[in-house]
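Chemist: coordinates only, no sequence provided:
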Ligand SMILES: N[C@@H](CCC(=O)N[C@@H](CS)C(=O)NCC(=O)O)C(=O)O
């Protein structure tokens, strides 16, 4: 089946968590909104898709994955479904829920990484909330970043099947998600990450392991992966990087 992914065309954002799962699985998909406008892509096509009155289960916000008649939204929800279909999560109930729990923790951290530069509202310019962003960063950088990475390091250390993966003894979408967080944080907080990385060697090893996976490496080198930029969830403002 050819999947259809619907996500904003110029940023990695939450769509990237879905792309990484699809890429690692070697799944056939089309990134619909990145197609030329003449082929059904573009920002307006995204808005039209969301507003489409014919959706039986209308999605609130992208990313959205269409698989035949199934229309799925909410990043961890999409990942949970893809995980089962493409062996990117355990089949057991406990394993499935644990992978989802980690993906939701990653999703929570992603919100914090966004809100640090837009603490008041994403509709306001950064320049109009710089003081609040600085204040938020004064907590995010010394407290929340180490707490998140410390937790993931602990999860890796506690895995009874070994510390290479977050869940069990093979790759899951939670590993792909943590890889993406490291990538984004390196872009947004390069100074802070220099210190954080050496303190969390298992997370660092997981990042390197994912980066070296043949399909992920091929994707990174293909030119299809949108570079991080100042419109995405991860943004680099030197004044926020403790
Ligand atoms: N909890 C949702 C959040 C979705 C979300 O916030 N999507 C953003 C793009 S990353 C968006 O376009 N939101 C539009 C809106 O909230 O109005 C998920 O994990 O997928």
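Modeler: Everything's here; your move. Since the model is a prediction, treat every value here as computed from it, not as a measurement.
Chemist: which parts of the protein sit against the ligand?
Modeler: Remark: the part of the chain in contact with the ligand comprises 13, 14, 61, 62, 63, 74, 75, 107, using CB under 6 Å from any ligand atom. The C-beta positions use only the backbone N, C-alpha and C, and glycine is treated the same way.
Chemist: the longest helix belonging to the chain: how far from the chain's middle?
Modeler: Criterion DSSP state H: the longest helix present in the chain is helix 93-115. Between the centre of helix 93-115 and the centre of its host chain there is 10 Å, according to CA atoms, centre = their mean, to the nearest Å.
Chemist: all strands of the protein, in order?
Modeler: Taking DSSP state E as the test, the strands found in the chain are 3-6, 29-31, 64-67, 70-73.
Chemist: now these in JSON lines, with mean pLDDT, distance to residue 165 and mean neighbour count?
Modeler: Below are those laid out as JSON lines (pLDDT from 0 to 100; distance: least, CB to CB, whole Å; neighbours: other CB atoms under 10 Å):
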{"stretch": "strand 3-6", "mean pLDDT": "98", "distance to residue 165": "24", "mean neighbour count": "22"}
{"stretch": "strand 29-31", "mean pLDDT": "98", "distance to residue 165": "24", "mean neighbour count": "18"}
{"stretch": "strand 64-67", "mean pLDDT": "98", "distance to residue 165": "24", "mean neighbour count": "22"}
{"stretch": "strand 70-73", "mean pLDDT": "98", "distance to residue 165": "25", "mean neighbour count": "16"}
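Chemist: figure out which of the ones you listed is closest to residue 133.
Modeler: The closest of these to residue 133 is strand 70-73. By CB to CB, the value is 28.4 Å.
Chemist: now that closest one, how far from the chain's geometric center?
Modeler: Using CA atoms, centre = their mean, the offset of strand 70-73 from its chain centre is 18 Å.
Chemist: picking that back up, most surrounded residue in the residues of the chain next to the ligand?
Modeler: Ranked by neighbour count (other CB atoms under 10 Å), those have residue 75 at the top, with 26 neighbours.
Chemist: going by residue numbers, what spans are helices in this protein?
Modeler: 15-25, 43-51, 75-85, 93-115, 130-139, 145-158, 173-188, 190-199, 201-211, 214-221.
Chemist: in the longest one, which residues are buried?
Modeler: Spelled out, it's helix 93-115. 96, 98-100, 102-107, 109-110, 113-115 (16 or more other CB atoms under 10 Å).
Chemist: what of stretch 139-154?
Modeler: Buried residues in stretch 139-154 (16+ other CB under 10 Å): 140, 141, 144, 145, 146, 148, 149, 152, 153.
Chemist: go on, stretch 234-242?
Modeler: Neighbour-count burial for stretch 234-242 [16+ other CB under 10 Å]: 234, 235, 237, 240, 241.
Chemist: could you dump the strands of the chain to JSON lines with distance to residue 55?
Modeler: Putting the strands of the chain into JSON lines (distance: least, CB to CB, whole Å) gives the following:
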{"stretch": "strand 3-6", "distance to residue 55": "11"}
{"stretch": "strand 29-31", "distance to residue 55": "19"}
{"stretch": "strand 64-67", "distance to residue 55": "9"}
{"stretch": "strand 70-73", "distance to residue 55": "6"}
